[in-house]
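> sequence and predicted structure below; questions after.
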Amino acid sequence: MAQSTDTNPRIYLLAPHLGDKEWALVQQAMASNWIAPVGPQIEAFENTLQDHLGPDAHVTALQSGTAAIHLGLLSLGVKPGDEVLCQSLTFAGSAFPINYCGATPIFVDSESLTGNICPQALETAIKARIKRGTKPKAIIAVHLYGMPYQVREIHDIARHYDIAVLEDAAEALGSYYHEQPCGALGDQGVLSFNGNKILTTSGGGALVSRSIQEKQKALYWATQAKSPVEGFHHNEIGYNYRLSNICAAIGVGQMGLLKARLTQKQALHHWYEVLFEARQGISLQQAPDSRFASNWWLNVIVFDPRLARCTPEQLSIAFAEENIESRPLWRPMHLQPVYQDAPYYGGSVAQNLFEHRLCLPSSTKMSPTDRERIAAVIQRMC
């Protein structure tokens, strides 16, 4: 990796992008002494998210998207011995909570249009598990890199077999499917506000429930399952998952910037479109049709190994030599050593996507000079 200098500063894949309001809100939280996982900014943050997601969304702010997936699975009744179908091409945080519940992950291949869970492979997996006498309890479908999955097809299959859908929208705040906000489409929804997301609370996430009763149960679990009885009374196992008031204050300020950040992401995506329109064998991933409105959290390029002048690895190395960060796609879960014995349904689509695609710098903080440096590497290599 090249060292940063005044003339060669590091260009990050995704960098937090904060405004002035966040600092003012954090100062208010500190001055009021509300610094723990209780305080007025938590409710304010949840309310801003609910305003974005719609009237049927009931939001619980948590420490991470992974915690939200865990509580979402518990809310869907997943317990030890159950099976949960999960998109293989995703970050580990989508899959690990299945194991937290004592359940077994069943991984499913992708389709190439969106890179997300394949409807045909999903139905094949469901039929196979039912034939074995183990009907899956839930489906985890992911909006990978902000691109919505095939919601209608996946949800039709889920309804047909009466299996709940946990919608992993950790990367998709601000994305839409059929003009409906991602995060509010499944039986349970998940958001993430990690430092690299389109909006951040430094670390954080949220569970989106379909009823106030489900939210109240999630909040109960997230606060160590404390019963309203004197003397710290516990009837169930709970978790220390609640978001802090200071982090929530950052989130309130960030939510006011969502529209601006989406506009900036769209403009960056268009810049990459122009940059790659004449590149032989390399193209920018696009939405399949007008139903899919991505937030373009990450811009992904697709390599045709028969025509491209370089490989994803060669381009990534060239970027690194210029102190520019890029990244391969998530390594599919069914190819991970920890899941080498897990059932998998599908072919080699997820593996091919992993091997022939690359994530490009997509920070809304990039300057014109940053873009010039990125373009210079692409023009030289591609």
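Looks like it arrived, so ask away.
> okay, now the residue nearest to Ile237 when sequence neighbours are not counted: neighbour count?
Leaving aside its chain neighbours, Ile237 sits nearest to Ala225 (6.3 Å; criterion: CB to CB, 6 or more residues apart in numbering). Quick note: C-beta positions are derived from backbone N, CA and C, even for glycine. When neighbours are counted by other CB atoms under 10 Å, Ala225 registers 15.
> contact partners for Ala225?
Neighbour list for Ala225: 234-239 [criterion: CB atoms under 8 Å, 6 or more residues apart in numbering].
> if you rank those residues by neighbours, which is first?
Counting by other CB under 10 Å, top hit in the contacts of Ala225: Tyr239 with 17 neighbours.
> that one contacts Ala222, doesn't it?
Yes. Counting by CB atoms under 8 Å, Ala222 is a contact partner of Tyr239 at 6.0 Å.
> if I look at these two, which residues touch both of them?
Taking CB under 8 Å, 6+ apart as the criterion, Tyr239 and Ala222 both touch 67, 71.
> all the strands of the stretch 151-300 of the chain, residue numbers only.
Applying DSSP state E, counting those that start in this stretch to the stretch 151-300 of the chain gives strands spanning 164-168, 176-177, 180-181, 188-192, 205-209, 226-227, 233-234, 282-284, 292-293, 299-303.
> as CSV, could you dump the C-alpha coordinates of the fourth one?
Written as CSV, here are the backbone C-alpha positions of strand 188-192 (Å, rounded to 0.1, in the frame of the first residue of the first chain):
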residue,chain,number,x,y,z
GLN,A,188,-38.9,-8.0,9.7
GLY,A,189,-36.4,-5.4,8.3
VAL,A,190,-32.8,-4.6,9.2
LEU,A,191,-30.8,-1.4,8.7
SER,A,192,-27.1,-0.6,9.5
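> contacting residues around that strand?
Strand 188-192 is contacted from outside by 49, 53, 57, 64-65, 68-69, 72-73, 75-76, 93, 164-171, 173, 182-183, 204-210, 214, using CB under 8 Å, 6+ apart.
> what's the answer for the last one, then?
Counting by CB under 8 Å, 6+ apart, the neighbours of strand 299-303 from elsewhere in the structure are 115, 145, 268-269, 272, 276, 281-285, 311-312, 329, 356-360, 362.
> so for stretch 360-373, mean pLDDT?
On average, the pLDDT along stretch 360-373 is 97.
> return the set of buried residues in it.
By 16 or more other CB atoms under 10 Å, the buried positions in stretch 360-373 come out as 360-364, 366, 370-371, 373.
> now name the helix or strand holding Asn352.
Using DSSP states H and E, Asn352 sits within helix 349-356.
> ok, now how distant is the nearest residue to Ser211 once chain neighbours are set aside from Leu262?
Nearest non-adjacent residue to Ser211, counting by CB to CB, 6+ apart: His58, 6.4 Å away. Distance, His58 to Leu262, using CB to CB, to the nearest Å: 24 Å.
> check contacts around the residue nearest to Ile11 when sequence neighbours are not counted.
Closest residue in space to Ile11, ignoring its immediate chain neighbours: Ile324 at 4.5 Å, by CB to CB, 6+ apart. With contact set as CB under 8 Å, 6+ apart, Ile324 has these partners: 10-11, 361, 373-374, 377.
> can you report phi and psi for Ile324?
Phi and psi for Ile324, reported as degrees, to the nearest 10, are phi -120, psi 130.
> how about Leu358?
Main-chain dihedrals, Leu358, degrees, to the nearest 10: phi -150, psi 140.
> wait, it touches Ser326, no?
Yes. Applying CB under 8 Å, one finds Leu358 in contact with Ser326, separated by 5.8 Å.
> now for these two: what residues contact both?
Common neighbours of Leu358 and Ser326 (CB under 8 Å, 6+ apart) are 315-316.
> and Ala308, how far from Leu275?
Counting by CB to CB - Ala308 and Leu275 are separated by 15 Å.
> who has more neighbours, those two?
Each of Ala308 and Leu275 has its neighbours counted (other CB under 10 Å); Ala308 has more, 21 against 18.
> okay, helices next: where are they in the stretch 251-382 of the chain?
In the stretch 251-382 of the chain, the segments counted as helices under DSSP state H, counting those that start in this stretch are 258-276, 312-321, 349-356, 368-381.
> now render those helices as CSV, adding distance to Pro40.
Listed next are these as CSV, based on distance: least, CB to CB, whole Å:
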stretch, distance to Pro40
helix 258-276, 21
helix 312-321, 44
helix 349-356, 44
helix 368-381, 38
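> would you mind finding the most buried of these?
Highest mean neighbour count of the helices of the stretch 251-382 of the chain: helix 349-356, a mean of 20 (counted as mean count of other CB atoms under 10 Å).
> what's the mean pLDDT across that helix?
In the prediction, helix 349-356 has an average pLDDT of 98.
> tell me the angle it makes with strand 299-303.
With axes from the mean of the first three to the mean of the last three CA atoms, to 10 degrees defining the directions, helix 349-356 sits at 90 degrees from strand 299-303.
> look up the closest residue to Glu179, ignoring the ones flanking it.
Spatial nearest neighbour of Glu179, excluding adjacent residues (CB to CB, 6+ apart): Ala293 at 7.7 Å.
> surely that neighbour meets Ser175?
Yes. Using CB under 8 Å, Ala293 is in contact with Ser175, at 6.1 Å.
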